[in-house]
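A.B. asks: fold the following for me, if possible:
(chains A, B, C and D, ligands or ions: 4)
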Number of protein chains: 2
Amino acid sequence: MVAEQLKSTRQRKAVSNILATITKFSSAQEVHKLLISRGEKVGLATVYRTLQALAETGAIDVLRNDDGEALYRACSTDHHHHLVCTKCNKTTEISAPEVEIWTEKIAREQGYLISGHTIEVFGTCANCR
Amino acid sequence: MVAEQLKSTRQRKAVSNILATITKFSSAQEVHKLLISRGEKVGLATVYRTLQALAETGAIDVLRNDDGEALYRACSTDHHHHLVCTKCNKTTEISAPEVEIWTEKIAREQGYLISGHTIEVFGTCANCR
DNA sequence: ATGAGTTTGACAATCATTCTCATTTAGGTT
DNA sequence: AACCTAAATGAGAATGATTGTCAAACTCAT
Ligand SMILES: [Mn+2]
Ligand SMILES: [Mn+2]
Ligand SMILES: [Zn+2]
Ligand SMILES: [Zn+2]
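C.D. replies: Ligands and ions are numbered 1, 2, ... in the order given. Next up, the predicted model:
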């Protein structure tokens, strides 16, 4: 029972590199298309697996759009939330210590053992108007 | 171009009635199974359409679970958010005026025209522990 | 009761995501 | 450098929630 290990592969590097160049939340399909268009040969399934793995370790963020599709983004490493444009998915990171505290308090009051929370604000960015 | 009108049908009443008896967030598939098990004959597509219609008018609430599936619930009519059990989907409504204000402020500062926001807290309820 | 516009439902079609599994690769060991 | 083996990959099939189709059934204002 050896500990889990993530091997460094060409594909994983390619995905990470692409993510580093994208500022908006993007779907696995979008990331895959981008990779292909840049000449990187990476299978679609691998893109899915890589994004999910990165999200699980907290290396990148995930959220669901209105259609339930998963969107990924390489955000800053500290805890934060998002302001997302519903037209172009442009994203601005936001933080709110006061809200974090409120969240903890509420859950405790209701007898829940908190596992996480979601705070996303949606709207139309200046550009899209 | 007459204004939209929602006709009162047996199926729509059945869906609304069922929702009134459920306290947890449920998927269209679950609602459909419940209807069938109670002898109500309603097509699956109709359940989907009805839930979506109700959600659009704001009559019921929607959220996405980790798998991206849409879950519905007949909540109170006032603005609120949710504390959801990740095991059984038991839901507690919560409200937070301070958070609402913060949300507005943030969006305005960033030049976004707000269209909505999502605030859900997840955890394990007392029962599921 | 009538008729135009809605709604329904059985079933097909979508389509994002997952699964399979034969083949390739990373990275440690001789 | 050659070897080994678990981990990773990818092409394609499979899954499954959700949506589309369209003829038949229904609602409701007249
Ligand atoms: Mn937070
Ligand atoms: Mn709110
Ligand atoms: Zn935008
Ligand atoms: Zn529970």
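A.B. asks: low-confidence regions, chain A specifically.
C.D. replies: Counting by pLDDT under 70, chain A contains low-confidence ranges at A:1-4.
A.B. asks: which residue ranges of it form strands?
C.D. replies: For chain A, the strands defined by DSSP state E occupy A:26-27, A:61-64, A:70-73, A:81-85, A:91-94, A:113-124.
A.B. asks: domains for chain A, by residue range?
C.D. replies: Split into domains by automatic domain parsing, chain A comes to A:10-73, A:81-123.
A.B. asks: tell me if the longest one is near chain B.
C.D. replies: Yes: using C-beta under 8 Å from any C-beta of the partner chain as the criterion, contacts between domain A:10-73 and chain B involve A:Arg64, A:Gly68, A:Glu69, A:Ala70. Just so you know, the C-beta spots here come from the backbone N, C-alpha and C atoms, and that holds for glycine as well.
A.B. asks: distance to B:Ser27 added to the domains of chain A, as CSV?
C.D. replies: Output for those, formatted as CSV (distance: least, C-beta to C-beta, whole Å):
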stretch, distance to B:Ser27
domain A:10-73, 11
domain A:81-123, 18
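A.B. asks: any idea which of the ones you listed gets closest to ligand 4?
C.D. replies: Smallest distance to ligand 4 across the domains of chain A (C-beta to the ion): 8.5 Å, for domain A:81-123.
A.B. asks: does any part of the closest one sit near ligand 3?
C.D. replies: Yes: applying C-beta under 5 Å from the ion, one finds that domain A:81-123 is in contact with ligand 3 at A:Cys85, A:Lys87, A:Cys88, A:Lys90.
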